[in-house]
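[1] Build the 3D model from these lines:
(chains A and B)
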2 protein chains.
Amino acid sequence: MDLKQFVKQSIGRWRSQRSAHHLAFAHFEKVRSTIDIMALDPQDPGVLEVCELYKIDPASMESPFRMTWEGESDWDEDDWDKEEEEEEEQELKGSCILVPIPDPESPQNGQLLRDRGYAETIPAIGHYSLNTEGIFTLITEYDRAAAEERIWFATPNLRFRVSQIKTRDGQGVTTASFSSEIRSLSS
Amino acid sequence: MDLKQFVKQSIGRWRSQRSAHHLAFAHFEKVRSTIDIMALDPQDPGVLEVCELYKIDPASMESPFRMTWEGESDWDEDDWDKEEEEEEEQELKGSCILVPIPDPESPQNGQLLRDRGYAETIPAIGHYSLNTEGIFTLITEYDRAAAEERIWFATPNLRFRVSQIKTRDGQGVTTASFSSEIRSLSS
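    Below you'll find the predicted structure:
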């Protein structure tokens, strides 16, 4: 599977179940959400703006897309502090543009530009690789943290995603999460 | 990483957080458990019995081990029927012997013999492969279902495990689960 096929197979509406494990306190969080992934035209103004932001030649992109999500979270306990709860609320609904830039010499690897991250609400460049088993790995470094995600298809209509948030030095993993995403045949 | 290193890194006591997604009803289940993985001597009577059971020459094994687990599950709802609840209870505590038999021509792949499965409580042979990223994939076919697991280390002291239970024909995935396993430094 190449990147183009991977993006193509991702296009659509997905019903997602996500479990987050907050490792230090063995805390579970569950989120149900709807995710829409839509192909964008390479000439889309938002896509060209992302290329401009990172000074990347638009000719080098492949299969740009938009991801939109809307979810609801159930915390297990009500002792979570207010500030974190608000931060969390913000992440539960959003949209971003993603622009893959394959490495010309090794097209299974490349950069993934985003107009804003979904772990941190700032623009971000991730580095991806797609292996022979069809597992897409994305590593994104932020100021204070790094995110690593692995995404793969169990069937054409079922996608798994494992994410971990690490401290910037890569030593500590604070949160691990798992999503199972089922293609929604009614939209 | 080869199989011997993978097993070696797995030895110890792990504190596990597991989330299961029952896909048809978007149901979440959470389980906290303690997992002990201990190396076994190739001459251990239990190990030799497993080889005998499958008529495999004990000389072809590598790094046999025992896995023991004990957990507690929190169901979200109390409308689960009694029979399934009892089945589930049985799975929450157990122990099995695992005997890897690497393929002599391609040692990153092989068979994994078990004296009983942990998805189904019967003996089982799984097929494993270990890729260049250190992801261990195990596929086990049962009479009515097939289980596929991927296990990898995020750090030497943090292991992730994604499992899915498929119908035997491989078409439908009924349950997906994710475990984050942290090495317990006090034992």
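
[2] Now do the longest strand along chain A: which elements does it pack against?
    In chain A, assigned by DSSP state E, the strand with the most residues is strand A:27-39. Judged by 3 or more C-beta pairs under 8 Å, 6 or more residues apart in numbering or on different chains; DSSP states H and E, the packing partners of strand A:27-39 are helix A:3-10, strand A:12-22, strand A:65-75, strand B:12-22. For every residue, glycine as well, the C-beta is placed using N, CA and C.

[3] in the third one, what's buried?
    Of all the residues in strand A:65-75, those buried under the rule 16 or more other C-beta atoms under 10 Å in any protein chain shown are A:65, A:66, A:67, A:69, A:71, A:73.

[4] residues near the closest residue to the last one other than its chain neighbours, how many?
    Of all residues beyond its chain neighbours, the one nearest residue A:73 is residue A:31 (4.6 Å), with distances taken as C-beta to C-beta, 6 or more residues apart in numbering or on different chains. Residue A:31 is flanked by 20 other residues according to other C-beta atoms under 10 Å in any protein chain shown.

[5] coming back round to it: and the longest strand of chain A, which residues are buried?
    Using 16+ other C-beta under 10 Å as the test for burial, strand A:27-39 gives A:28, A:29, A:30, A:31, A:33, A:35, A:36, A:37.

[6] Just name the closest of these to residue A:167, please.
    residue A:29 (19.5 Å; C-beta to C-beta).

[7] separation between that closest one and residue A:15?
    When distance is defined by C-beta to C-beta, to the nearest Å, residue A:29 is 18 Å away from residue A:15.

[8] give me the low-pLDDT residue ranges for chain A?
    Scanning chain A for pLDDT under 70 picks out the ranges A:75-91, A:117-122, A:169-170, A:186-187.

[9] Swap in 50 and give it another go.
    Scanning chain A for pLDDT under 50 picks out A:77-83, A:85-87, A:89-90.

[10] how about the strands in it?
    Using DSSP E, strands in chain A cover A:12-22, A:27-39, A:65-75, A:93-103, A:106-114, A:124-130, A:136-141, A:145-155, A:158-167, A:173-183.

[11] okay if I get these as TSV plus distance to residue B:7?
    Shown next, in TSV, are the strands of chain A (distance: least, C-beta to C-beta, whole Å):
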stretch	distance to residue B:7
strand A:12-22	24
strand A:27-39	29
strand A:65-75	37
strand A:93-103	35
strand A:106-114	29
strand A:124-130	26
strand A:136-141	24
strand A:145-155	22
strand A:158-167	22
strand A:173-183	22
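
[12] Now residue A:108: closest residue in space, sequence neighbours ignored.
    Spatial nearest neighbour of residue A:108, chain neighbours left out: residue A:130 (4.9 Å); criterion: C-beta to C-beta, 6+ apart.

[13] Return the distance of the one you found relative to chain B.
    Applying C-beta to the nearest C-beta, to the nearest Å, the value for residue A:130 to chain B is 12 Å.

[14] What residues sit buried inside stretch A:138-157?
    Across stretch A:138-157, burial judged by 16+ other C-beta under 10 Å covers A:138, A:140-141, A:145-154.

[15] which of those lies closest to chain B?
    Closest to chain B out of these is residue A:154 (5.4 Å), distances taken as C-beta to the nearest C-beta.

[16] need the contact list for the closest one.
    With contact set as C-beta atoms under 8 Å, 6 or more residues apart in numbering or on different chains, residue A:154 has these partners: A:160, B:148, B:164, B:173, B:176.

[17] Get me the contact residues on chain A for chain B.
    Residues of chain A lying close to chain B by C-beta under 8 Å from any C-beta of the partner chain are A:15, A:17, A:19, A:21, A:23, A:26, A:28, A:30, A:32, A:131-133, A:135, A:137, A:148, A:154-155, A:158, A:160, A:162, A:164, A:171, A:173, A:176-178, A:180, A:182.

[18] Going through those residues, which ones are buried?
    If you count burial by 16+ other C-beta under 10 Å, the buried members of these come out as A:15, A:17, A:19, A:21, A:23, A:28, A:30, A:131, A:135, A:137, A:148, A:154, A:158, A:160, A:162, A:164, A:173, A:176-178, A:180, A:182.
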